[in-house]
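Asks: Okay, here's the prediction I keep looking at, along with the sequence it came from:
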Amino acid sequence: MKEKNQVLTRGFLVIIAFFFIFSCAVIPELKVNYSLPSASDQLKNEQLLLTVRDSRTKSSVLGERASAELKNCPGSLTLNVAVPGEAPVRKGIFQVPELVEEVFRTRLENEGVRLFPDLSRFEPELLIVIKDLFLDIEDRKWVARMGYEARLIKEGKVAATRSVSGKVERYSVFGLKEANMVLSEIVTDMVNELDVRRLFRDSGL
């Protein structure tokens, strides 16, 4: 009987240890599913250098309550890009500046812009200054914010600027699911809101 109890006890401890290890191994994955607008050739004759500057006051995407809800979240973001009518394609795992650069690069190329890897005195530069990309929980809602300034620069001088910012809210029911939804919505809405053609027109380039 004593040996039987010892076997049961060991079995119970193994089960407890298994569930403890499993729960610790589950890491929330923050996903940004960016939806491209319809392809266009309106900017096919334009050439740019794309650069991104991170001017956020806080490097973390998650606020205090979001961090508590999404324990063990590494803070990196998985980016998927969806062409209209097609399933999203995974692009990789990024920190905020690299993700913003990848999303804008994808959108600009989708509109026919030719992007250069290096700046020369003859090529305009599109500088995206990230002001905010933040996710938190407020009044039982997931709240995502994004803000940035787009500057079109020629020969070291700012020729045109646009400021874009917004907020998306969604009630928290399934936790991570809604968190990913509001992140995807805010990035898609804010990036697609920038009128790049008008930025060129206003700059006189």
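Replies: Sure, I can see it.
Asks: What backbone torsions are found at residue 152?
Replies: Dihedral pair for residue 152: phi -100, psi 120, per degrees, to the nearest 10.
Asks: ah, wrong one, I meant residue 186
Replies: phi -70, psi -40.
Asks: Return the distance of it relative to residue 32.
Replies: Distance, residue 186 to residue 32, using Cβ to Cβ, to the nearest Å: 9 Å. All C-beta spots, glycine's among them, are computed from the backbone N, C-alpha and C.
Asks: Repeat that for residue 176.
Replies: Where residue 32 is concerned, residue 176 sits at a distance of 13 Å (Cβ to Cβ).
Asks: Can you pick out the residue with more neighbours from the two?
Replies: A direct count of neighbours by other Cβ atoms under 10 Å for residue 176 and residue 32 places residue 32 higher, at 26 against 16.
Asks: Pull up the per-residue confidence for the more buried one.
Replies: For residue 32, the pLDDT comes out at 96.
Asks: And residue 63, by the same measure?
Replies: Looking at residue 63, its pLDDT is 92.
Asks: same check, this time on residue 23
Replies: 41.
Asks: following the lowest-mean-pLDDT helix or strand in the chain, which helix or strand shows up next?
Replies: Averaged element by element with mean pLDDT, DSSP states H and E, the chain has its least confident helix or strand at helix 2-25 (a mean of 47). Using DSSP states H and E, the helix or strand that follows helix 2-25 towards the C-terminus is strand 31-35.
Asks: So what's the gap between that following strand and the chain middle?
Replies: Put simply, strand 31-35 sits 7 Å off its chain's centre (Cα atoms, centre = their mean, to the nearest Å).
Asks: Paired strands for that strand, with orientation please.
Replies: strand 77-82 (parallel) (DSSP bridges).
Asks: can you list contacts of the partner strand?
Replies: 29-36, 61, 88-96, 99, 102-103, 106, 183 (Cβ atoms under 8 Å, 6 or more residues apart in numbering).
Asks: how does it look with 6 Å?
Replies: With contacts defined as Cβ atoms under 6 Å, 6 or more residues apart in numbering, strand 77-82 is touched by 29-35, 88-91, 93-94, 99, 106.
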